[in-house]
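[1] Fold the stuff below for me.
(chains A, B and C)
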Amino acid sequence: MSKPLVFKPINLARWIIWSSFAILLILAPMMFNTGGSLSLLSQMGTLMIFGLSYNMLLGQGGMLSFGHAVYSGLGAFFSIHAMNLMTAGSMTFPVSMIPLIGGIAGMFFGVLFGYVTTKKSGTTFSMITLGMVELVFACSLMFPSFFGGEGGISTNRVIGSSFLGITYGPQIQVYYLIAFWLFISTIGMYAFTQTPLGRIVNAVRDNPERVEFIGYDTQWVRYLTLILSAFFAGIAGGLSAINFEIVTAENVSAIRSGAVLLFTFIGGVGFFFGPMIGAILGVFLTVMLSDLTKAWQLYLGVFFILIVMYAPGGIASIIMMNLRVAKFGMFKRVWPSMWKLVLAATVTTVGVILAVEMLYQRTLEATQSAVIEMFGVSIDTASSSWWLMTIIVIALGIVACAKLKGGFAQHWGDVNTEIEEQMRRAQA
Amino acid sequence: MEFTLITLLNGVSYGLLLFMLSSGLTLIFSMMGVLNFAHASFYMLGAYFAYAISIKIGFWPALVFAPLLVGLLGAMVERYGLRSVHKYGHIPELLFTFGLSYVIVELVQLIWGRSTVPYPIPASLDGPLFTLYTTTFPIYRGFMMLVALVMLVSIYLLLTRTRIGLVIQAALTHPDTVEALGHNVPRVFMLVFGGGCALAGLAGVVGGNAFVTEPGMASTLGSIIFVVVVVGGMGSLAGAFVASLLIGVLQTFAVALDYSFVTMFAKLGMAITANAAGYSLLSLTIAQVAPILPYLLLVLILIFRPRGLLGTREG
Amino acid sequence: MTGFSLELKDVRKSFGSAEIIRGASLQVPKGERFAIIGPNGAGKSTLFNLISGRFPITSGDILLNGESITTLKPYEINRRGLSRSFQITNIFHRLSVYENLRCAVLWSLGYKYSFWDRLNGLKDAHERAEAVLEQIGLRRRRNITAGLLTYAEQRALEIGITIAGGADVILLDEPTAGMSRSESDAAVELIRKVTVGKSLLMVEHDMSVVFGLADKIAVVVYGEVIACDTPANIRNNQKVKDAYLGGHAPVEVE
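    Alright, predicted model coming up:
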């Protein structure tokens, strides 16, 4: 990744971008107005805040945490208990500001746990965060009054009398609440990147030893960043409590932490907006893909590995790199080898999907019929001819990919080297 | 008395199992700087492969072939997967193994299903080794300890007495120098990674039927071996050994103890009723608290002795 | 107050059973430029690491402006006015050249861990970074990602980061390593310019750089300072000649 992380726009561009973002948020429900889409949009919004907060650690600070769900989950628990207190009448507080309670709870635990976890950096830090989340998760089963045991804690988000007609009963109102918090959280987290601490944590990511020699205690830098990140994670947790009206031990689990890591990385950690792409994709994959196939987790895992191996900058980097190539007018040089490789990869993917689905049908659904429907075609998983065909398709695909990969890598590498040369010379 | 002794032996056997796993992890980490997140998944593969082999052929062939298979798989993963990620740095390497752990669990479920598989202890090793009053110590546990100790001694001898062992030791701290001296360091890395995975596989072969063989076995053990490695001191084999035994014994004892603060106070003549404040906390038995003990130990070590029990310098 | 910027008193350092630094003593007066030379493996970089707090010493004392710094962490030493560069270029490779320098000035200007100040609105940080940018001659490379610079440019940036914070004791570890003749000459000019009025301690192998810059030369052999004198006297010092030319070859200690 050679793109500097400093975003230096002309003021006009900045206004345009943020206004477009706001307009998009406002208009989204009207553009996607089928029944389930409002729920999807709400989930995406929450996951975006969570992912952006996670990227403060990973993308900006180089801190790989396996336990970020601790902060969002505890924020969610505090929020849901607050809402229950409000319903019981022991507390008056506007529902709209519940995410703030989540944020403060998250921040509190950031102060508490962050002190221990940031004592070390690098790989050790990652392992400690894993130990931390397992600790909290194990504790959740020991304190059922707070964590609700197996069933979790539920609530009703419609509390008290309506304010200006807002009860948060209908999903659309919840969506706009999430959109509001998403907008101000994004502004907050973006503003962080433009502060001294935000820049120094970038330096810590690049070269922690050097940072000590410009006067900064790197542990303190990481600790403060973690506290701020936990604050925003708590906001996401509070919104999740409002949206789902239930919080369980799963909210503080290593599984959920792993999920945000997965989706943020797939989205792209090197760009500010990367986690937002990751969130959109993440909700799609978990909600929609899981309806289509039982093997969705396998596909997700393999997709993640491919991103790590071939595009570690994530989807955001794929988009931006291609845009950069186009901007320099060199796209037609990579296009010929690119579309062939994409085609070969698609063929291989179709073959693999076919094989996996057939295997799933054979082993896990053995009691059901042997025939599955895929892409509108009936496939008899018991027949060996289908198996043979699938294996041939996969083999052909792999061979084609292997042959085309070299050519594409060559063209892509040449083009990018030239672009970097041009950039280098442009300033001279 | 017999309770203490038997529980201690059980704890030691569990601790040795943990050491089989964490030693491979430590070796891989020390040499390649890669934290193999999928290490416990290779443990799981060892158990499943052993299951598949033992129901077709027998346990003893499984003991030999399953670890070899797992090691081979590990070597291929290193050669074709990990190696190409190496140039991106440590975080992508860690993420690669993270994704791998995910995928391995899914593949295992795909092939063998989501429920526990009946991986049996072989008849020749079933039964009590010795009996103390009413408590028995099973032969199989003794066998596990034997395997672990043999493995331990073999690794020690391999690393210190053979040529390849010396090369590995050198490459542990100075891979570039070793390569400059003409050794094929990438091949050494592949061997070490494969070897570490084979050790995990071996642990799976002996652990899978002693404990349980099911898709969740990787995640439960996975986090604990990370704790072992950090508590022992990153990169220290001796530290991993001490930490494994410590955590193994600690957890085994804790699970067996049904005391809580309430029972303790009751012994002292003070009754705490269910209405008392903090009852839910005080009535927690040690057995209920057992799962978090390793993690508590992790937190304490990090606060009071951040470099681990036998760690050298700050990681 | 002893009046020395930096003082080493019988510093010893052992790594396990190997004693690398065996009683090094040195006094650097304020405003003078010292060069440290010596055969490979003599312990020059180790000395630097001891002074800057990267490793703890085994015994002895190190004084910065009269204050002992042996128990301090690197950032504490830096805040007391000592800054160092590294032999292997240590820059923030994903930030632009300008950002690298701006980071280097933030602490000394008092912004510390602020997450409420708007970076782009900090005029003094901006001006100071621009000033250093001008001094090191990288103005035309201002917005280039640091990782894309040429080797010599990265070394110049390395020096820039070292001096940007305004420290008055500067440690430079082989600043001209790997440079061509012309690049070295440019680097010497740069170092001379930016260390006016500061105390400089420099490890160097290139003798023309040493003789061109240094007020005094300290010769380190086997972890001891065997001579510390003006360049002319060092040239004629018998012990130095023995160490470099005669006697037995130095054993690789590191």
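
[2] Only the buried residues of whichever strand or helix holds B:Gln251, if you could.
    If you go by DSSP states H and E, B:Gln251 is part of helix B:237-256. By 16 or more other Cβ atoms under 10 Å in any protein chain shown, the buried positions in helix B:237-256 come out as B:237, B:239-256. To be clear about C-beta, it is placed using only N, CA and C from the backbone, and glycine gets the same treatment.

[3] tell me which strands and helices it is in contact with?
    helix B:2-32, helix B:217-232, helix B:286-289, helix B:293-304 (3 or more Cβ pairs under 8 Å, 6 or more residues apart in numbering or on different chains; DSSP states H and E).

[4] Could you rerun that using 6 Å?
    helix B:2-32, helix B:217-232, helix B:293-304 (3 or more Cβ pairs under 6 Å, 6 or more residues apart in numbering or on different chains; DSSP states H and E).

[5] ok, now how distant is C:Arg142 from chain A?
    7 Å (Cβ to the nearest Cβ, to the nearest Å).

[6] about what we covered before: what's in contact with the helix holding B:Gln251?
    The contact list for helix B:237-256 (Cβ atoms under 6 Å, 6 or more residues apart in numbering or on different chains) reads B:7, B:10-11, B:14-15, B:18-19, B:22-23, B:26, B:228-229, B:231-233, B:286-287, B:290, B:293-294, B:308-311.

[7] Quick one: mean pLDDT over that helix.
    The pLDDT scores in helix B:237-256 average 88.

[8] same question, stretch A:253-268
    94.

[9] Please identify the buried residues of that stretch?
    A:253-254, A:256-268.

[10] which residues sit against that stretch?
    A:50-51, A:54-55, A:66-69, A:133, A:137, A:274-275, A:277-278, A:282, A:304, A:307, A:313-317.

[11] So which of these are in helices?
    A:50-51, A:54-55, A:69, A:133, A:137, A:274-275, A:277-278, A:282, A:304, A:307, A:314-317 (DSSP state H).

[12] and the residues you listed near chain B, which?
    Restricting those to those within reach of chain B (Cβ under 6 Å from any Cβ of the partner chain) leaves A:Phe304.

[13] What subset of the ones in helices among the contacts of stretch A:253-268 is buried?
    Judged by 16+ other Cβ under 10 Å, buried ones among those: A:50-51, A:54-55, A:69, A:133, A:137, A:274-275, A:277-278, A:282, A:304, A:307, A:314-317.

[14] Report how many residues lie close to A:Ile242.
    For A:Ile242, the count of nearby residues is 26 (other Cβ atoms under 10 Å in any protein chain shown).

[15] and the gap between it and A:Gly151?
    Note on A:Ile242: its distance to A:Gly151, by Cβ to Cβ, to the nearest Å, is 19 Å.

[16] My reading is that C:Ala125 lies in a helix. Confirm?
    Yes: per DSSP: H, G, I helix; E, B strand; the rest coil, C:Ala125 lies within a helix segment.

[17] Residue of the stretch 151-254 of chain C closest to chain A, please.
    C:Gly165 (5.9 Å; Cβ to the nearest Cβ).

[18] Show me the shaky parts of chain A.
    Along chain A, the model assigns pLDDT under 70 to residues A:1-10, A:364-370, A:381, A:426-428.

[19] Which residues are in contact with the residue in the stretch 151-300 of chain B positioned nearest to chain A?
    Going by Cβ to the nearest Cβ, chain A is nearest to B:Tyr295 of the stretch 151-300 of chain B, at 3.6 Å. The contact partners of B:Tyr295, taken as Cβ under 6 Å, 6+ apart, are A:131, A:134-135.

[20] Quick check: which element contains the nearest residue to it once chain neighbours are set aside?
    Nearest non-adjacent residue to B:Tyr295, counting by Cβ to Cβ, 6 or more residues apart in numbering or on different chains: A:Leu135, 3.6 Å away. A:Leu135 is part of helix A:122-142 when elements are defined by DSSP H and E.

[21] and the one helix or strand A:Val260 maps to with helix B:217-232, angle?
    In this structure, A:Val260 sits in helix A:254-267 according to DSSP H and E. Relative orientation of helix A:254-267 versus helix B:217-232 (axes from the mean of the first three to the mean of the last three Cα atoms, to 10 degrees): 90 degrees.

[22] Could you export helix A:254-267 as CSV, CA atoms only?
    What follows is helix A:254-267, C-alpha atoms only, in CSV (Å, rounded to 0.1, in the frame of the first residue of the first chain):
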residue,chain,number,x,y,z
ALA,A,254,-14.9,-14.1,20.5
ILE,A,255,-17.1,-15.1,17.6
ARG,A,256,-18.5,-11.6,17.2
SER,A,257,-15.1,-10.1,17.6
GLY,A,258,-13.8,-12.4,14.9
ALA,A,259,-16.7,-11.3,12.6
VAL,A,260,-15.9,-7.6,12.9
LEU,A,261,-12.3,-8.4,12.2
LEU,A,262,-13.2,-10.4,9.2
PHE,A,263,-15.5,-7.8,7.7
THR,A,264,-13.4,-4.8,8.4
PHE,A,265,-10.4,-6.5,6.8
ILE,A,266,-12.4,-7.6,3.8
GLY,A,267,-13.6,-4.1,3.4
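
[23] Was I right to think C:Gln154 contacts C:Thr89?
    Yes: here C:Gln154 reaches C:Thr89: they are 4.7 Å apart, a contact under Cβ atoms under 6 Å.

[24] Helices of the stretch 151-254 of chain C, residue ranges please.
    C:151-164, C:181-194, C:207-213, C:231-235, C:238-244 (DSSP state H, counting those that start in this stretch).
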